[in-house]
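1. sequence and predicted structure are below.
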Amino acid sequence: MFSQALTIRADSIARHIETVFLFTKNDVRTTLIPTIFALSAAHKYDPIHAWNAPLWIWLHLLQFNIANQIQDPEEDRKNKPSRPIPAGRISVDSAADMRWVMVPVCLMLSLWYGTQALLASTVFAVLTIWYNELHGDKMGLSKNVLTAILYGCLEVGGTVAAGSRNSCIDKAGALAVALSSTAFATTLHAQDFKDEEGDRLTGRRTLPTIFPKAVRFSMMLGIPLWSFGLSHIWKLDSLSTTAFVAYGAYVGARFVMYDSVAADKQSCKFYSVSRNIIWEHTEVKLTVNSYQLWYSLGHLLPGYWRFFYGA
């Protein structure tokens, strides 16, 4: 009897853990980007504390995703039925309770890492409310700006957590966060092209729905310009700069040359979706299977500068 009860209890715990994971399942790949950033941009990288970076980022991602998924569960029932709420694994009320519990959990964890992590967590919590409860995601410009700052908060917290306790970001790390957030804000609509038709039907005003042609051309110009600018700032060698700019030009040109939904999904993969990324800090080696991804590669440039030019 005791063994049976223990088995049932273990199954229940496993189900709850799976439910929590499913809130972030679709975004697990994107958490790799700030995780890699944290390892490459940290001023005092500590291998013993490296696991703290993905932990800090994942918990804050969980906070955001729960807040986002309780806003319109009916839409998820149609488009993303595998998510915990439409799948019937958790009620909206229980998810809402969990969403607000995550705020103090993230703040207390951040307090342990230091002032900068606590500040990043506080700003992240406030902007999560603005984005979700106050519907900041309904307008293209505010969505881009809010998402970029939220991403910057993840990068700051992950970078600090990757170092020793009470570590801080130095000037180079702060510059890296500012540059990556700005680049993200000005190119983020790469992820909205594939959803343009659905956004028009639901009334969501993203940049591709407001300026469909102009923003496609902005990708063709913006991505290679950012590639050149980042390469120059982080002192990339000539051959690598040429390759990075050429790849950026290819990614940007795809959004103008191919405008079907399937093509936009593929272009978005080249922009920001990654598979099987391996970062070897000591050898400054990056292996990317499937896609050489523009945004992922851009996050690694501060690590290149650290290795060859940093103190």
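-> Received, thanks. Numbering: from 1, shown residues only.
2. name the helices or strands packed onto the helix or strand encompassing P54?
-> Secondary structure assignment for P54, by DSSP states H and E: helix 52-69. Applying 3 or more Cβ pairs under 8 Å, 6 or more residues apart in numbering; DSSP states H and E, one finds that helix 52-69 contacts helix 2-24, helix 28-41, helix 92-113, helix 115-131, helix 140-162. (Each C-beta comes from the backbone N, C-alpha and C, glycine too.)
3. elements contacting the helix or strand just after the last one?
-> What that stands for is helix 140-162. For helix 140-162, the following helix or strand on the C-terminal side (DSSP H and E) is helix 171-187. Contact here means 3+ Cβ pairs under 8 Å, 6+ apart; on that basis helix 171-187 packs against helix 28-41, helix 140-162, helix 212-233, helix 294-308.
4. show me what counts as buried in helix 171-187.
-> For helix 171-187, the neighbour count (16 or more other Cβ atoms under 10 Å) marks 172-177, 179-181, 183-187 as buried.
5. cool, stretch 99-111 as well?
-> Those would be 99, 102-103, 106, 109-110, for stretch 99-111 by 16+ other Cβ under 10 Å.
6. any residues touching that stretch, and which ones?
-> Contacts to stretch 99-111, defined as Cβ atoms under 8 Å, 6 or more residues apart in numbering, come from residues 56, 59-60, 62-63, 66-67, 70, 117-118, 120-122, 124-125, 157.
7. can you tell me which of the residues you listed are buried?
-> 56, 59-60, 62-63, 66-67, 70, 117-118, 120-121, 124-125, 157.
8. mind giving me TSV with the helices and strands packed on helix 171-187 and columns for distance to G252 and mean pLDDT?
-> Converted to TSV, the helices and strands packed on helix 171-187 look like this (distance: least, Cβ to Cβ, whole Å; pLDDT from 0 to 100):
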stretch	distance to G252	mean pLDDT
helix 28-41	19	63
helix 140-162	17	84
helix 212-233	4	89
helix 294-308	9	79
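9. so which of those helices comes closest to R205?
-> helix 140-162 (5.6 Å; Cβ to Cβ).
10. buried sites along the closest one?
-> For helix 140-162, a neighbour-count test (16+ other Cβ under 10 Å) marks 140, 142-162 as buried.
11. for my notes, confirm I85 occurs in a strand.
-> No. With DSSP: H, G, I helix; E, B strand; the rest coil as the criterion, I85 is assigned coil and is not in a strand.
12. ignoring the adjacent residues along the chain, who's closest to it?
-> Nearest non-adjacent residue to I85, counting by Cβ to Cβ, 6 or more residues apart in numbering: P73, 4.7 Å away.
13. which of the helices and strands packed on helix 171-187 sits closest to V261?
-> Among the helices and strands packed on helix 171-187, if distance is taken as Cβ to Cβ, the winner is helix 212-233, at 13.3 Å.
14. the helix or strand just after that closest one to helix 294-308, inter-axis angle?
-> As assigned by DSSP H and E, the chain's next helix or strand after helix 212-233 is helix 238-257. Orientation check (axes from the mean of the first three to the mean of the last three Cα atoms, to 10 degrees): helix 238-257 against helix 294-308 gives 170 degrees.
15. ok, how many other residues are close to K25?
-> 13 (other Cβ atoms under 10 Å).
16. ignore what I typed, I meant L207.
-> L207 has 20 nearby residues by other Cβ under 10 Å.
17. repeat for K138
-> Neighbours around K138, by other Cβ under 10 Å: 15.
18. and for it, nearest residue in space, chain neighbours not counted?
-> Closest to K138 by Cβ to Cβ, 6+ apart is R204, at 5.9 Å.
19. does F124 touch L154 like I think?
-> Yes. With contact defined as Cβ atoms under 8 Å, F124 reaches L154; the gap is 7.3 Å.
20. mind checking the end-to-end distance for stretch 47-56?
-> End-to-end distance for stretch 47-56: 15 Å, by Cα to Cα, to the nearest Å.
21. list the buried ones in it?
-> Buried, per 16+ other Cβ under 10 Å, within stretch 47-56: 49-50, 52-54, 56.
22. against R306, how distant is the residue nearest to K138?
-> Between R204 and R306 the distance, using Cβ to Cβ, to the nearest Å, works out to 39 Å.
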